[in-house]
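Colleague: Quick one, fold the following:
(one chain, ligands or ions: 2)
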Amino acid sequence: MTGYFSDIPKIQYEGPESDNEFAFRHYNPDEVVMGKRMEDHLRFAVAYWHSFAWPGGDPFGGQTLERPWFGETMEHARAKADAAFDLFEILGAPFFCFHDLDVRPEGESFAKSCANLDAIVDIFGEKMEATGMKLLWGTANMFTHRRWMSGAATNPDPDVFAYAGATLKSCLDATHKLGGANYVMWGGREGYETLLNTDLTREAEQAGRMLLSVVDYKHKIGFDGPILIEPKPQEPSKHQYDYDVATVYGFLKRFGLENEVKVNIEQGHAILAGHSFEHELALAASLGIFGSIDMNRNDYQSGWDTDQFPNNVPEMALAFYEVLKVGGYTTGGTNFDAKIRRQSLDPEDLVLGHVGGMDACARGLKAAAAMLEDGGLESMRDARYAGWEGPEAQKMLSGEYGLEEMAHYVETTGLDPQPKSGRQERLENWVNKFV
Ligand code: XUL
Ligand code: CO
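Modeller: Ligands and ions are numbered 1, 2, ... in the order given. Now for the predicted structure:
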């Protein structure tokens, strides 16, 4: 331990009755849920940016947090890595995630920035070897520096497009070298502020071309994790192109990438897009593109991305219900793209934010497993669609019956369909038995 977290013990599972705030009450890594250890189900990851690089700013005020590793030198970056791996160890989270900019200082040139990243990657490699930590995903920050203000791949300036390609290459290389399980692309500036200066057609072609190049390069270097796109409707762009799961799927189909690229779904982004989290998860599962989760709660009133640690167990239960239904994560995991509040100044706050989030997810997972094992929801849903098993229904579905045949069927049988209850209250009460 380097000192920053040295007063904080390693968090252990003590069970629901424990009064120890530095203990898990529900997250018990070895407990078996539906045939799999909880740790292997949940695959928790700590996000480097919020926990180690975020200074506590909001749209109206700057830095509130003070950390000994804040600063733009390699020495600071090494101290940050030491503190980060201390936190990983305290939490016992098996994975972490990072952007290039979170972990290394920006150099005076692109080559210098790459050299800084390489040096940190070597340090990460040693620390991962020593601790058993794994990388859930790496990514490029192509939204903070002013060069990205008009987009990265969708920039009107081809030089920025080139710089984005070079940046993506360096971050894919770093992720590959560290054995990352996935590579994420979130395009915060891939969108626009005003249509008055924006050529939508060109920008979509550019985004598609860049994604094709990323997929080509991934195969070339033998990176076998999936590329994940993280949808978000807006912020910082007024309109972001990767609006939601449905929009991303349309984009992937357009460029023939629907079998190559999946999605990283963030709870808060789903809310901003006007969806429920479980809608986005269920849709991704249904389209065969579910990849991973950024598990941070959004404030329902604020209208912007508050990135809070999850603590709403019923919401977690419905989310993990979808995850379990699709067979669980493969390469994906539960990344806390979550930050403490800007008034939460102490090292304990950072630890307890994660502890609470991990416990909320564990409770959600256990409730979801109990719901699935009970099977009540699925049988009630199946019953609702049971009519589709009938011979005429099958002919309509297969296309054997077109509109004329349907008209003939209705006329000859004198059909008069009667509405049936959707039973929502009954279903909500059923869910409440488990949470
Ligand atoms: C921004 C966001 C990002 C991505 C990675 O809202 O969620 O942190 O997860 O770039
Ligand atoms: Co995110």
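Colleague: could you check whether stretch 331-351 is close to ligand 2?
Modeller: Yes - residues of stretch 331-351 are located near ligand 2 by Cβ under 5 Å from the ion, namely Asp337. Yep, even glycine has a C-beta here, placed from its N, CA and C like the rest.
Colleague: could you give the mean pLDDT of stretch 247-265?
Modeller: Here stretch 247-265 scores 98 as its mean pLDDT.
Colleague: Show me which residues of it are buried.
Modeller: 247-249, 251-252, 255, 257-258, 260-265 (16 or more other Cβ atoms under 10 Å).
Colleague: One more: stretch 233-243?
Modeller: 233-234, 236-237, 240-243.
Colleague: Closest one to Met396 out of the residues you listed, please.
Modeller: Using Cβ to Cβ, the shortest approach to Met396 within the buried residues of stretch 233-243 belongs to Tyr243, at 32.4 Å.
Colleague: need the contact list for the closest one.
Modeller: 231-233, 273 (Cβ atoms under 8 Å, 6 or more residues apart in numbering).
Colleague: Next: Phe309.
Modeller: 296-297, 336, 338, 340, 353-354, 356-357, 360.
Colleague: Make CSV out of those residues and add pLDDT.
Modeller: Output for the contacts of Phe309, formatted as CSV (pLDDT from 0 to 100):
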residue, pLDDT
Asn296, 94
Arg297, 90
Phe336, 98
Ala338, 98
Ile340, 98
Gly353, 98
His354, 98
Gly356, 98
Gly357, 98
Ala360, 98
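Colleague: sec struct for Leu257, please.
Modeller: coil (DSSP: H, G, I helix; E, B strand; the rest coil).
Colleague: you'd agree it is up against Leu212?
Modeller: Yes - if you go by Cβ atoms under 8 Å, Leu257 and Leu212 touch, sitting 7.1 Å apart.
Colleague: between the buried residues of stretch 247-265, which is nearest Tyr409?
Modeller: Tyr249 (33.5 Å).
Colleague: and the stretch 101-250 of the chain, which residues reach ligand 1?
Modeller: 139, 184, 186, 188, 230, 232 (Cβ under 6 Å from any ligand atom).
Colleague: so which residue of this structure comes closest to ligand 1?
Modeller: With Cβ to the nearest ligand atom as the measure, Trp186 is the residue of the chain nearest to ligand 1, at 3.6 Å.
Colleague: before we move on, the earlier item: buried among the residues of the stretch 101-250 of the chain next to ligand 1? Need that as a selection in ChimeraX.
Modeller: Buried residues among these (16+ other Cβ under 10 Å), as a ChimeraX selection:
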select :139,184,186,188,230,232
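Colleague: just the residues of the stretch 101-250 of the chain next to ligand 1 now: which is nearest Lys325?
Modeller: Glu230 (21.5 Å).
Colleague: So that closest one sits against Ile293, correct?
Modeller: No - using Cβ under 8 Å, Glu230 makes no contact with Ile293, being 10.1 Å away.
Colleague: Now list whatever residues contact both of these two.
Modeller: 264-266.
Colleague: ok, and the most crowded of the contacts of Phe309?
Modeller: Phe336 (27 neighbours; other Cβ atoms under 10 Å).
Colleague: Remind me which helix or strand the residue of the chain positioned farthest from its centre belongs to.
Modeller: Relative to the mean C-alpha coordinate of the chain, counting by Cα atoms, centre = their mean, the farthest residue is Thr412 (52.3 Å). Here Thr412 sits within helix 403-413, counting by DSSP states H and E.
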